[in-house]
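*Asks:* Dropping a prediction and its sequence here:
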Amino acid sequence: MSTSSSSLANAHVGIIGAGCAGLAAGASLAREGIKVTVLESAPQAGGRARSLNWKGARLDNGQHILLGAYEQTLALLSQAGVDEAQALMRLPLDLRLAEGFELQAADAWPAPLHLLVGLLRAKGLSWSERFSAIRFMTWLQLRRFKLARDISVLTLLHERKQTSTLIRCLWEPLCLGALNTPIDQASAQVFVNVLRDSFARDKHDSHLLLPRQDLSTLLIAPLMEDIQQHGGDVQLRNGVQKIEAEGNSYRLHTEDQNSALYTHVVLACQPFRVTPLLADLPGTEALQQSLTSLQYQPIYTVYFQFDASVALDFPMLGLNAGISQWVFDRGQLDGQQGLIAVVISAEGAHQSLRQDALAEIVLAELRDHYPALRAPIYWYKVIAEKRATFSCTVGLVRPSHHTGLPKLYLAGDYVAGDYPATIEGAIRSGVQCAQHITLSLTSHTESHR
């Protein structure tokens, strides 16, 4: 056996958490021939991107969409054998709100002209508002999407003379959808990063990728299978309770009262779960304080089951006059006819409502704007993820992949990077941790030749 293959063969990476970040790290490492064990405390993998069964329906823990700009996610799914055409409905950017606003990108034009032409044709805006939005995007383009200082999204929009209609119909829905943080708190630089990657590079980046399958089927199962097919192991109901440094390695103590030694460890669980795992590792005090200081934002998803004949005019429609924000017709997406999902992003007054009261208000808002939804409902289900994402606020300093300890890494959508808390952000983070580990192993090998 060569020095290179020996070094890789002797490595054993323990990954704590089987969400998108952990599975992305595991799949990337396993494909390099590195031994991987993913340890998950829950009975089901997927973290916040998991699915569940309810009254014969398949519901996601939160309704997600992907964008064409999600390069790492699409690449990883392709490697895992997922057929994009079957798994995702790819649509040119098409935002439709109940109050008459509609923006369709002109897909015949290259980026960024496809968006600028789309803004010129947008419905629900005056001509001055259309040109104002175009000037704003042009201003960002000329500055290469780099702000002199980070400010709130709302402050930036006011500085660039965006009207209340533009903010309400275009920029606020995009900000809430991407950053899950209110616009008066959200980081303008991170929002601008999203605009850059979605609208300024390639017209396909702005495409909406709407899942035709539940998230467990689309994302989680293929990544788990990819890990296992390449020799890795995924253990559910077996979370890590304690990490101990042992020589140049780490011993992980698990819920089954066993322990094992790993050459490298990736902490891929939520930050509030990472902090207690660092308690016995000297030198992590500053990191623990950084993780503890992170704040969180909720995402509520309200599902309604109507008669199978009920359908919307388009798979995804917007509401922005009340509590409800985005409405998804799961019948058009994954064939669950009459199943409607309503998403409410970020904090707000809805958090203080009982679930039955929230469902009643959301249903009334739907029926006010979409006549097809005035039919009786068979049941409803409210899914409240109260710590769905970190608050992507102005000037937030996010922790690095590197913990300050050798061979111990952080992965998650909250880790430092250009992206907010999205599936792409989580997967990018996991892949980057895998790249760091692979590089460290191959660099160590080269130095000993």
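*Replies:* Alright, I've got the coordinates.

*Asks:* Against residue 166, how distant is residue 103?
*Replies:* Residue 103 is 11 Å from residue 166, where distance means Cβ to Cβ, to the nearest Å. C-beta: built from backbone N, CA, C; applies to glycine.

*Asks:* which of the residues in stretch 48-60 are buried?
*Replies:* By 16 or more other Cβ atoms under 10 Å, the buried positions in stretch 48-60 come out as 48, 49, 50, 51, 57, 58, 59, 60.

*Asks:* What mean pLDDT does that stretch get?
*Replies:* For stretch 48-60, the mean pLDDT works out to 94.

*Asks:* Residue 323: what's its closest spatial neighbour, skipping adjacent residues?
*Replies:* Distances taken as Cβ to Cβ, 6 or more residues apart in numbering place residue 350 nearest to residue 323, at 4.9 Å, with adjacent residues excluded.

*Asks:* Check which element follows the lowest-mean-pLDDT helix or strand in the chain along the chain.
*Replies:* When the helices and strands of the chain are scored by mean pLDDT, DSSP states H and E, helix 3-10 comes last with a mean of 63. As assigned by DSSP states H and E, the chain's next helix or strand after helix 3-10 is strand 12-16.

*Asks:* Report all helices and strands that that next one contacts.
*Replies:* helix 20-31, strand 35-39, strand 249-254, strand 259-262, strand 264-267 (3 or more Cβ pairs under 8 Å, 6 or more residues apart in numbering; DSSP states H and E).

*Asks:* Is it possible to get CSV of those that adds mean neighbour count and distance to residue 242?
*Replies:* Shown next, in CSV, are the helices and strands packed on strand 12-16 (neighbours: other Cβ atoms under 10 Å; distance: least, Cβ to Cβ, whole Å):
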stretch, mean neighbour count, distance to residue 242
helix 20-31, 29, 18
strand 35-39, 25, 12
strand 249-254, 19, 4
strand 259-262, 16, 8
strand 264-267, 28, 12
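
*Asks:* which one of these lies closest to residue 428?
*Replies:* When the helices and strands packed on strand 12-16 are compared by Cβ to Cβ, helix 20-31 sits nearest residue 428, at 8.0 Å.

*Asks:* Summarise which helices and strands the closest one is packed against.
*Replies:* strand 12-16, strand 35-39, helix 71-79, helix 221-229, helix 423-447.

*Asks:* Averaged pLDDT, the longest strand seen in the chain. What do you get?
*Replies:* Longest strand in the chain by number of residues (criterion: DSSP state E): strand 377-390. Across strand 377-390, pLDDT averages out at 96.

*Asks:* quick one: it to helix 423-447, angle?
*Replies:* Strand 377-390 and helix 423-447 are oriented at 40 degrees to each other (axes from the mean of the first three to the mean of the last three Cα atoms, to 10 degrees).

*Asks:* Need the residues that contact strand 377-390.
*Replies:* For strand 377-390, contacts defined as Cβ atoms under 8 Å, 6 or more residues apart in numbering pick out 48, 54-55, 59, 61-62, 180-181, 270-272, 294-307, 351, 355, 358-359, 363, 396, 398, 413-414, 420-421.

*Asks:* would you turn the helices and strands packed on helix 20-31 into CSV with distance to residue 114 and mean pLDDT?
*Replies:* Below are the helices and strands packed on helix 20-31 laid out as CSV (distance: least, Cβ to Cβ, whole Å; pLDDT from 0 to 100):
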stretch, distance to residue 114, mean pLDDT
strand 12-16, 39, 98
strand 35-39, 40, 98
helix 71-79, 18, 95
helix 221-229, 31, 97
helix 423-447, 21, 86
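
*Asks:* could you dump those to a markdown table with distance to residue 152?
*Replies:* Output for the helices and strands packed on helix 20-31, formatted as a markdown table (distance: least, Cβ to Cβ, whole Å):
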| stretch | distance to residue 152 |
| --- | --- |
| strand 12-16 | 34 |
| strand 35-39 | 38 |
| helix 71-79 | 28 |
| helix 221-229 | 35 |
| helix 423-447 | 20 |
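
*Asks:* Just the helices from the stretch 201-350 of the chain, written as ranges.
*Replies:* 215, 221-229, 271-277, 285-292, 330-334 (DSSP state H, counting those that start in this stretch).

*Asks:* Could you identify which of those is most buried?
*Replies:* Neighbour counts (mean count of other Cβ atoms under 10 Å) averaged over each of the helices of the stretch 201-350 of the chain peak at helix 215, with a mean of 23.

*Asks:* Rounded mean pLDDT for that helix, please.
*Replies:* Rounded mean pLDDT across helix 215 is 93.

*Asks:* what about stretch 322-332, how long is it end to end?
*Replies:* 25 Å (Cα to Cα, to the nearest Å).

*Asks:* Can you list the neighbours in contact with that stretch?
*Replies:* 63, 89, 173, 176-177, 210, 302, 308, 310-312, 314-319, 336-345, 348-350, 358, 361-362, 365-366, 370.

*Asks:* if you set the cut-off to 7 Å instead, what comes out?
*Replies:* 63, 173, 176, 311-312, 315-319, 336-345, 350, 361-362, 365-366 (Cβ atoms under 7 Å, 6 or more residues apart in numbering).

*Asks:* Touching stretch 230-245 from outside, list them.
*Replies:* 16, 18, 26, 30-31, 35-45, 224, 227-228, 250-256, 265, 277, 280-281.
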